[in-house]
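Undergrad: sharing a sequence plus its predicted fold:
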Amino acid sequence: MYSTAMSLSAAAAAVASSSRPDAIRPAGLRFCGLRREALGLRSLQTSPQAVAARRSVVAAASAAENGTAGSGGFDYDLVIIGAGVGGHGAALHAVEKGLKTAIIEGDVVGGTCVNRGCVPSKALLAVSGKMRELRDEHHMKSLGLQVPSAGYDRQAVADHANNLASKIRSNLTNSMKALGVDILNGIGTIVGKQKVRYGKVGFPDNEISARNIIIATGSVPFVPKGIEIDGKTVFTSDHALKLESVPDWIAIVGSGYIGLEFSDVYTALGSEVTFVEALDQLMPGFDPEIAKLAQRILINPRKIDYHTGVFASKITPAKDGKPVLIELIDAKTKEHKETLEVDAALIATGRAPFTKGLGLENINVVTQRGFVPVDERMQVSNLYCIGDANGKLMLAHAASAQGISVVEQICGKDNILNHLSIPAACFTHPEISMVGLTEPQAREKADKEGYEVSVVKTSFKANTKALAENEGDGLAKMIYRPDTGEILGVHILGLHAADLIHEASNAIALGTRVQDIKFAVHAHPTLSEVLDELFKAAKVSSGVSSSVSEPVAA
Amino acid sequence: MAASPAPFSLSASTVPARLRAAAVAPLAAGPRWRGRMVVRAKIREIFMPALSSTMTEGKIVSWNTAEGDRVSKGDGVVVVESDKADMDVETFHDGIVAAILVPEGGVAPVGAPIALLAESEEEVAAAVAKAQELAGGGQQQAPPPSADAAATPPPPPPAAEAPVAAPAPVAAGTKGIATPEAKKLAKQHRVDLTKVTGTGRYGRITPADVEAAAGIQPKPKVTPAAAAPPPAAAPAVGTVPKAAELPPVPGATVVPFTTMQAAVSKNMVESLAVPAFRVGYPILTDKLDALYEKVKPKGVTMTVLLAKAAAMALAQHPVVNASCRDGKSFTYNSNINIAVAVAIDGGLITPVLQDADKLDIYLLSQNWKDLVKKARAKQLQPNEYNSGTFTLSNLGMFGVDRFDAILPPGQGAIMAVGASKPTVVTDKDGFFSVKSKMQVNVTADHRIVYGADLAAFLQTFAKIIEDPESLTL
């Protein structure tokens, strides 16, 4: 899923930048998340109608005090369908901008991320990280620690994940209530232009009108056909996060973020894991070099084996004293290859948009494989769609950033989110994080557009703090343009990689060049010096034509 | 340095730029050696390269090739972790990787062969033979499953020296299914999975099955509470019964157990579950002492003499050499391995004299010397301290006249030997004389060893000690 999203946004960026290849960011101007190319396009693409609409909204907004009064005959300035992280981010920003805002939620506030995704999984991963450390005799010994034997109580671990989810859920709810966002319970359906009904399934009794509508209904786990889910021995991440069991041997179908994180949890808790991956290599969405190293660190030394280039064509839950049966067929020839017999199977083959019953047909919007097709401003017809439902980049913080971008537009400020500046992270031990293009993507783009690409790398083994923690495994690499110093992508595998990526993602978002950021000071000794190393190792030949510049590493 | 050092070059792909300079130096060694290797054989050894001036050993991070793979000059065949960084090591020669001598995760000193490269398929078999020789009569490696048939050696002989565990296979499930870790271990220890009987759920082959087939003694591991619960999931996993904890004493220093001390503590507590009893026996040692004086110059110690005597007695009383593992049966050991308790700095360890009944006292003495040296250096291999079938503990040298030993788990009996002291004794005719007498005291598991068994064993033991000439045979 992620790789698709990446290539989509990469393509979009390529188009944008090719139209103005030499655009230079105006000095002193800062637009977070805005590509300078987009900036250049801004004045060109603003239509007269848009300007008019914007003016009226601004007027309404100034009249409404934190959304206390309706505007121009509408019940709300903004109605958001779906109170996940994307909807929440949009709602908060809308209130800040003075829009009267309502949010409709048919299930629980917080959506997938808070209830069935990022949040509870982080609780499990925190446990797995600690277990891994305590069980690693060699690691403990080299630190001089003596820990007899570490054990865990499964139910207590599961409770920790569940408690964390409820806590974050109530935080989210309270923050919206405190700001005066109306939280409407029920399933939202669009019944016409600027009209939404909501209520229990089948009884959409309440109708409201809204000047603007944002769809933020998110996604559900995707289950390929032939796979029978019983929630006990064959399940998706929704069930797995409840940690109702720790099987002796579990097959994980799909080796993307979700699969990889769960392999980290399960192996730390004592399970053996078998990956089933349809593509020819594991971790297909990652930079190949990072994926190779990740395999060396996260797969090979653990109780994990894998089958690549195969589909799980049929999965039968355990019953009648038989184990879970997984039929594997060759991804290309479709020939039967093998039948696995395991204790459980986790289906982590990606996520499918949750857009059924939204009433999109009422306003003539046709979904594509369930996704709401939006433009670079998250707009389709006269409404907006953010987050997993539009499929651009299925990450919680991307949804939130898209929501903020949409609210900015509603308030009359054109805004295009640069998806290449959105970081992504996988919370294994050690973590993996990335922003921007992978090396092959960057090279392809560079070939097309005719410039050089350079790569610098550094090892965590060269970092004092990492060595102090006895966690020297890891690599950071940066892909950049030696002619301009533009950062094209940064990929990190190592201790706290997820926290380290933001210096790079901010630099990309703000358009900071390598030759400038290399003078920024990093506290010593910290892990952030890993990135400092990268910036300092990069060789930028500003002013020299790209053909002369010498690649730093190949 | 019999053959070629592996010529290697470094690719920059995994090396931080600034480490490269340091790593270039050993390159010069390649060409210098090359002429010699070509003359010698068409099987080349790939060595652990010195990737930096301070590197003394390297860890194999991963093999990019498998046995049977054809490689060409310049291919990165292996990734080596030095003290500084991971580096791809390339080959300067075309050939077939015939045998990998150091598996992934393994460590080898700089200059040690880590793989064999055969120039053509004809040489593969020879290379494999050489690999076995290098591995010290190691096992036949499992041929790579999909390698070209011509390259694979003749069918492998049964892999393990240890008898393959053969409990009745569990019903249901398909035969021959092995868990991921079991497969990894099989590869590492070169165990043929088709010859292993699975004992896991649905009859699958578990890591323990592979270890058993490879002849690895299961580690005396502290069962982690995390042993995965069945999917049905009992709510509270991981409640380990704990010994009562006493409140801390104010002002006292608390020193946590070392790993060894923790193991001792655990074994001692476990022994409480075994119904043990003790039988003592006085033995005259004048003849033994005389023998000892004779063989002492040849390096034989009293410990070895006692161990040998115990082993000979055990050979006649196999039940004392047996153990009770499940509370329902006798497990008769095929070997007589005498564990001898040795106090070492901060603990206690029991190096094992294996086959003590079969080896002569000179050989045993040699083994014993090696074991003690290793024990002091904490280098004993697991099978050198946990394969005992009977334990001997001697405190006689401290003047202790008698004491009582605790039976270690997994053994049927332990003998505690006191000091030999001049004592007034009367012989059968009523004559008084002063003789050296020592007290031995045997603790045994009464589930399998009964009083009469132990008495008979001690009688035999005493006869051997009192007429020790047989010890030298």
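TA: Nice, thanks for sending it over.
Undergrad: could you verify my assumption that residue A:490 touches residue A:535?
TA: No: counting by CB atoms under 8 Å, residue A:535 is not a contact partner of residue A:490; they are 9.9 Å apart. In this view, the C-beta of every residue, glycine as well, is placed from N, C-alpha and C.
Undergrad: element containing the closest residue to residue A:243 other than its chain neighbours?
TA: Leaving aside its sequence neighbours, residue A:243 sits nearest to residue A:158 (CB to CB, 6 or more residues apart in numbering or on different chains; 4.0 Å). For residue A:158, the element it lies in under DSSP states H and E is helix A:154-179.
Undergrad: can you give me the buried ones in the next helix or strand after that helix?
TA: Next helix or strand after helix A:154-179 toward the C-terminus (DSSP H and E): strand A:182-185. Neighbour counts over strand A:182-185 (16 or more other CB atoms under 10 Å in any protein chain shown) mark A:182, A:184 as buried.
Undergrad: okay, now the sheet partners of strand A:182-185, with direction.
TA: strand A:101-105 (parallel) (DSSP bridges).
Undergrad: ok now the strand it pairs with, how far from the chain's centre?
TA: For strand A:101-105, the separation from the chain centroid amounts to 23 Å (computed by CA atoms, centre = their mean, to the nearest Å).
Undergrad: now swap in stretch B:444-462 and tell me
TA: The chain centroid and the centroid of stretch B:444-462 are separated by 29 Å, computed with CA atoms, centre = their mean.
Undergrad: now that stretch: mean pLDDT?
TA: Averaged over stretch B:444-462, pLDDT sits at 93.
Undergrad: buried residues in it, which are they?
TA: Across stretch B:444-462, burial judged by 16+ other CB under 10 Å covers B:444-449, B:453-454, B:456-458, B:460-462.
Undergrad: burial measure for the residue nearest to residue A:243, as a count.
TA: By the criterion of other CB atoms under 10 Å in any protein chain shown, residue A:158 has 22 neighbours.
Undergrad: give me the distance between it and residue A:246.
TA: Going from residue A:158 to residue A:246 by CB to CB, to the nearest Å gives 10 Å.
Undergrad: find the residue at the geometric middle of chain A.
TA: Closest to where the C-alpha atoms of chain A average out (CA atoms, centre = their mean) is residue A:395, at 2.4 Å.
Undergrad: for that one, which residues are in contact?
TA: A:422, A:424 (CB atoms under 8 Å, 6 or more residues apart in numbering or on different chains).
Undergrad: so which residue is dead centre in chain B?
TA: Chain B, centroid-nearest residue using CA atoms, centre = their mean: residue B:383 at 2.8 Å.
Undergrad: does it count as helix, strand or coil?
TA: Recorded secondary structure, residue B:383: helix (DSSP: H, G, I helix; E, B strand; the rest coil).
Undergrad: so, low pLDDT: which residues of the chain?
TA: I'll assume chain A. By pLDDT under 70, the low-scoring segments of chain A are A:1-71, A:542-554.
Undergrad: chain B, not that one
TA: Using pLDDT under 70, chain B drops low at B:1-41, B:52-54, B:82-86, B:135-175, B:217-244.
Undergrad: tally of neighbours for the closest residue to residue A:79 other than its chain neighbours?
TA: Setting aside the residues directly before and after it, residue A:79 is nearest to residue A:210 in space (CB to CB, 6+ apart), at 3.8 Å. Residue A:210 is flanked by 23 other residues according to other CB under 10 Å.
Undergrad: I'd guessed residue A:210 sits against residue A:103; true?
TA: No: if you go by CB under 8 Å, residue A:210 and residue A:103 don't touch, sitting 11.2 Å apart.
Undergrad: joint contacts of the two?
TA: The contact sets of residue A:210 and residue A:103 overlap at residue A:79 (CB under 8 Å, 6+ apart).
Undergrad: mind listing what residue B:42 touches?
TA: B:118-120, B:123.
Undergrad: neighbour-wise, which one of those residues leads?
TA: residue B:118 (24 neighbours).
Undergrad: isn't that one up against residue B:43?
TA: Yes: the criterion here is CB under 8 Å, and residue B:118 meets it with residue B:43 at 5.3 Å.
Undergrad: joint contacts of these two?
TA: Joint contacts of residue B:118 and residue B:43 (CB under 8 Å, 6+ apart) are B:98, B:126-127.
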